[in-house]
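>>> Sequence plus the predicted model coming up.
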Amino acid sequence: MSSRTRKGKVARLPFDIREAVNNMIRDGATAAELNNILASKGFAKLNGTNWTNWRKGGYQDWLKEQDRIDAIRAKHETIRRELEAGGFSILDKTIYEVAQLVSDSDMDPLKAAAAIAALKTAVTGADRVVVQRERTAISKEVLELQRKKFQRDTCALFLKWYEDKRATEIAAAPGIDTADKMDLLGKLMFKEDW
């Protein structure tokens, strides 16, 4: 990240707002969309120069920081996968150490083994719950991204067909109910795919 402290209007926004703005810029948001977010959070809208300056400066710093964080995550994930592929598990190592300690005690070895096995089963079950929660969170994120893409695509399609005289005539046609208009517009827009 840049050693320079940014002082522009976007840089002075709260961290969570800057993060949201940066993510939106990465997803291709326009200045108008960014201003709508600011307004919804109670902040003043910014002019085009403010956004251009941020895209060239602070946003570039943020992208570099994201790349750095992603590289660290990738290293951690590679190490974790390699350890697991080699059969190494921190939980297994800890259980082995507990088993060694128990074997030095007067505890019945069968009861000790059963207790250790129950511990591993409980931890493994907890791990499965964590993985399922992560999958659920990812699924929600994917659905949200699909929803946003659908909304953008719908708006783009509306703008495209709004200027088409045939679509305007169908939409304004008197005496045709909405379902029939939708069918006519669908045939116009999607042709044989309708």
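Cool, the structure landed. Residues are numbered from 1 along each chain as shown.

>>> In space, not sequence, find me the middle residue of this structure.
residue 141 (5.0 Å; C-alpha atoms, centre = their mean).

>>> Report the rounded mean pLDDT for stretch 152-172.
For stretch 152-172, mean pLDDT is 84.

>>> Report the buried residues of it.
161, 167, 170 (16 or more other C-beta atoms under 10 Å). All C-beta spots, glycine's among them, are computed from the backbone N, C-alpha and C.

>>> do stretch 51-61 as well
In stretch 51-61, counting by 16+ other C-beta under 10 Å, buried: 51, 53, 54, 57, 58, 59, 61.

>>> Name the residues that touch that stretch?
1, 2, 6, 8, 10, 11, 18, 21, 22, 25, 31, 34 (C-beta atoms under 8 Å, 6 or more residues apart in numbering).

>>> so how far is that stretch from its chain's centroid?
Centroid separation for stretch 51-61 versus its chain: 22 Å, with C-alpha atoms, centre = their mean, to the nearest Å.

>>> And for stretch 158-174?
Centroid separation for stretch 158-174 versus its chain: 36 Å, with C-alpha atoms, centre = their mean.

>>> After the helix or strand of the chain with the lowest mean pLDDT, which helix or strand is next? Please name it.
Ranked by mean pLDDT, DSSP states H and E, the weakest helix or strand in the chain is helix 90-103, scoring a mean of 64. Once the chain leaves helix 90-103, the next helix or strand it forms, by DSSP states H and E, is helix 109-162.

>>> just how off-centre is that next one within its chain?
Worked out by C-alpha atoms, centre = their mean, helix 109-162 lies 12 Å from the chain centre.

>>> Give me the next element, helix or strand, following that helix.
That would be, after helix 109-162 and using DSSP H and E, helix 165-172.

>>> what residues does that following helix touch?
161, 162, 176, 181, 184, 185, 188, 189.

>>> cool, stretch 9-29 as well?
Against stretch 9-29 from outside (C-beta under 8 Å, 6+ apart): 5, 33-34, 37-38, 41, 43, 46, 50-51, 53-55, 58-59, 62-63, 148.

>>> and residue 185, how many neighbours?
By other C-beta atoms under 10 Å, 17 other residues sit near residue 185.

>>> sorry, that was for residue 66
Other residues close to residue 66 by other C-beta under 10 Å number 14.

>>> Next, it: secondary structure please.
helix (DSSP: H, G, I helix; E, B strand; the rest coil).

>>> domain ranges for the chain?
Taking automatic domain parsing as the reference, the chain has its domains at 1-88, 89-161, 164-194.

>>> which one of those domains has the lowest average pLDDT?
domain 89-161 (a mean of 76).

>>> which SSE is residue 34 in?
Going by DSSP H and E, residue 34 is in helix 31-40.

>>> Quick one: distance of that helix to the chain centre.
Centre to centre, stretch against its chain (C-alpha atoms, centre = their mean), the figure for helix 31-40 is 20 Å.
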